[in-house]
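Participant: What follows is a predicted protein model with its sequence.
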Amino acid sequence: MEFRQFRYILTVAQEGSISRAAQKLYISQPSLSQSIAGIEKKLGAPLFDRSLTPLRPTPLGELYLDTARRILTLDEEFQQRADDMLQRSAGHIIIGSSPFRSTYLLSRFLPAFQRQYPSITVELLENTTHQLEELALAGQTDVILSLQPIDTSHFMTENLFAEDLLLALPPMHPLSQHYSLPHTPAQPLPQLPLAALKDTPFITMHPEQKLHSQLYALCHEAGFTPQSLLETRSLETALSLSGAGLGAALLPAPLIEGFRPQEPPCYAAIDTHPQRQVVIAWRRNRYLSHAARTFVGKLKAYCQQQ
């Protein structure tokens, strides 16, 4: 077996399609199909069930994928350990991040980091919090930016900072009118009990985003279940829809401070002052290269200075 073949099969499994995998691998579809057929002929059984769309691995395919991931991870760790042993200053880091965290944290941190360490290259993979943790466990990232709670039996973590969670309300909402809520995140914001919103529809985040479960947990503590008007994966969309009058939204303070929708909502704090803890995490027992350790240390120091 060759590393190239491992990457081919892994890409097909990720994309669920030979044609999309070929595009991602920058090879022709006939060449990729021929390569897969050659592997299957050698093994004596198919790796994918081609009757399904998207393609699904067969039991043999699952075994092959698991083995491929472990072998590629060992090769990557060997290269990282060799670089560190030989004290090479260059390195490559794969960082998992949500689009929100990329916009409001990494966009400010990475330029200075790259200037200080020009020989360290950075690759960014963006996805939801749940998917980022899956990518980390599969060995496809070095580190991820995530949130507590996180399974410490599978992850090592370093705390970066805590961020406040605030409310966005439609401008014509009775509470916006009654409390004269501001259209800008002026400090200090008026405080509301979350229970006052038990009859208000919410714009909620996708279940793969931890803000979804945090909203439901906070509402449960306040004695009600939130009415979900619709779900979105975009925090900016939730904020914009709230400003357009569709419903309330629970959102992190950095978004409210940094994003100005065309129709701004009104803002309020919650009287229980909820927060969420932002962490940098990596799979337990994964070897972190010198470049990755440098990134973790510098990002932690940057966040502590803000």
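Facilitator: Structure's in. What do you need?

Participant: neighbouring contacts of stretch 211-222?
Facilitator: Residues outside stretch 211-222 that contact it (C-beta atoms under 8 Å, 6 or more residues apart in numbering): 165, 193-195, 198, 202, 204-207, 225-226, 231, 235, 250-252, 270, 272, 274, 276. C-beta coordinates here come from the backbone N, C-alpha and C atoms, glycine included.

Participant: hmm, try it at 10 Å
Facilitator: 100, 128-130, 147, 149, 165, 193-198, 202-207, 209, 225-228, 231, 235, 238, 248-252, 270-272, 274-276 (C-beta atoms under 10 Å, 6 or more residues apart in numbering).

Participant: Now for the closest residue to residue 72 other than its chain neighbours: which residues touch it?
Facilitator: Leaving out its chain neighbours, the residue that sits closest to residue 72 by C-beta to C-beta, 6 or more residues apart in numbering is residue 6, at 5.8 Å. For residue 6, the contact set (C-beta under 10 Å, 6+ apart) comprises 39, 64-65, 67-72, 75.

Participant: cool, and residue 292?
Facilitator: 80, 91-95, 120, 141-143, 280, 282, 286.

Participant: next one: residue 139
Facilitator: Here residue 139 is in contact with 69-70, 72-74, 76-77, 94, 283, 286 (C-beta under 10 Å, 6+ apart).

Participant: okay if I get those as a markdown table plus distance to residue 104, neighbour count and pLDDT?
Facilitator: Output for the contacts of residue 139, formatted as a markdown table (distance: C-beta to C-beta, whole Å; neighbours: other C-beta atoms under 10 Å; pLDDT from 0 to 100):
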| residue | distance to residue 104 | neighbour count | pLDDT |
| --- | --- | --- | --- |
| 69 | 32 | 17 | 86 |
| 70 | 35 | 12 | 85 |
| 72 | 32 | 16 | 83 |
| 73 | 31 | 16 | 81 |
| 74 | 36 | 12 | 82 |
| 76 | 29 | 17 | 76 |
| 77 | 32 | 15 | 78 |
| 94 | 20 | 19 | 95 |
| 283 | 25 | 22 | 93 |
| 286 | 26 | 20 | 87 |
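
Participant: Grab the two from those residues that are most spread out in space.
Facilitator: 70 and 94 (17.1 Å; C-beta to C-beta).

Participant: pLDDT weak spots in the stretch 1-150 of the chain?
Facilitator: 1, 83-89 (pLDDT under 70).
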